[in-house]
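> just a sequence and a predicted model for now, questions to come.
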Amino acid sequence: MGQNRSVAELLRSEMDKLTPTERKIARVLLANYPVAGLETIAQLAARVEVSGPTVLRLVGKLGFDSYTAFQAALRSELEARLQSPLVRREAASEAAGTDFLATFVRRQTELMQQTAANVSPSEFDGAVALLADPKRRIWLLGGRLTEPLAAYLAHHLKVVRSQVTLLRALPASWADHLVDMDKHDVLVVFDIRRYWQDAQRVAEMAAQRKVQVVLFTDQWLSPVSRCAKYTLAAHTAGPAGWDANTPLLMLIDALIAAVNTRHWGDIHDRLQELEQMRAALGEGGA
């Protein structure tokens, strides 16, 4: 199996190389991740309506020498999803070096490289297209540690397009917004381990209303991925026990840059008008 790659990342990266029957299994595994992969071979084969040997062929193509090894990888991911910073800190403590800053920067660089290597271009391009579409309304939601990231993306999007709303991390207020959402809307959700059940619930409700869901998450995949149209997963396991937001921020900046580059004609006119308004109002700064 590829270094530091989750089973979900392997499934996505190999999808185009699989046979139609194997792709059916891969889609079921991703739609019910990671629970479907913890079933027996017979149960998974029956769920997808394929043979047991076909399941084993897929597992082999992912780099596992047995179904047992495949399930062990999934169980390891499941355990990692639930780890608290206390456990992560103890596991990472031996890696601490004398030059903490240099070690930290090296690790962040590795995480960003792993993230870039494992994000599907089609997923990224799809997210860019949705967020740049002027006919769609954009809603953004972040959790306790990711709300600043949602706000950062929201502020950038508000400059280059209209109809952008940042939802507060207060579940009691979401119904007032959800009732207005429909097939013309996009809900951007930020959710990293240990995942936010309320975010999953509102994403599922939005998807039921035909809203397109874009998910920013980690390599272990938030449950929101089950209803997301596009999933951008970052490698976030930081060296000090706390998960790093830097790789997620890299994805956000890349998305913003892509929106600007690919839709500059429309954005240019809006920015020009916006700058004139700011000058008239005496505004300054970014």
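That came through fine. These numbers come from a predicted model, not from an experiment. Residues are numbered from 1 along each chain as shown.
> how near is the closest residue to residue 235 other than its chain neighbours to residue 267?
With sequence-adjacent residues excluded and distances taken as C-beta to C-beta, 6 or more residues apart in numbering, residue 235 is closest to residue 114, at 4.1 Å. Heads up, the C-betas are built off the backbone N, CA and C, glycines and all. Residue 114 is 31 Å from residue 267, where distance means C-beta to C-beta, to the nearest Å.
> those two: which is more packed in?
Between residue 114 and residue 267, counting by other C-beta atoms under 10 Å, residue 114 is the more crowded of the two (21 against 18).
> okay, and the more buried one sits in which element?
Here residue 114, judged by DSSP states H and E, is contained in helix 100-118.
> may I see the buried residues of stretch 177-184?
When burial is assessed from 16 or more other C-beta atoms under 10 Å, stretch 177-184 yields the following buried residues: 177-178, 181.
> can you put those residues in CSV and add distance to residue 126, pLDDT and secondary structure?
Compiled in CSV, the buried residues of stretch 177-184 are given as follows (distance: C-beta to C-beta, whole Å; pLDDT from 0 to 100; DSSP: H, G, I helix; E, B strand; the rest coil):
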residue, distance to residue 126, pLDDT, secondary structure
177, 23, 96, helix
178, 23, 96, helix
181, 19, 97, coil
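> assign a three-state SS to residue 221, would you?
At residue 221 the chain is in coil, as set by DSSP: H, G, I helix; E, B strand; the rest coil.
> and what of residue 138?
Residue 138, by the three-state scheme (three-state DSSP), is strand.
> pLDDT at it, what is it?
In the predicted model, residue 138 carries a pLDDT score of 98.
> run a quick neighbour tally on it.
Each residue near residue 138 was counted by other C-beta under 10 Å, and the total is 24.
> repeat for residue 270
Look at residue 270: counted by other C-beta under 10 Å, it has 14 neighbours.
> in which helix or strand does it reside?
In this structure, residue 270 is located in helix 264-281 according to DSSP H and E.
> all helices of the protein, in order?
For the chain, applying DSSP state H gives helices covering 7-14, 20-31, 41-48, 52-61, 67-82, 85-92, 100-118, 121-132, 147-160, 174-178, 197-208, 246-262, 264-281.
> residues of the helix holding residue 114 that come out buried?
Across helix 100-118, burial judged by 16+ other C-beta under 10 Å covers 104, 107-108, 111-112, 114-115, 118.
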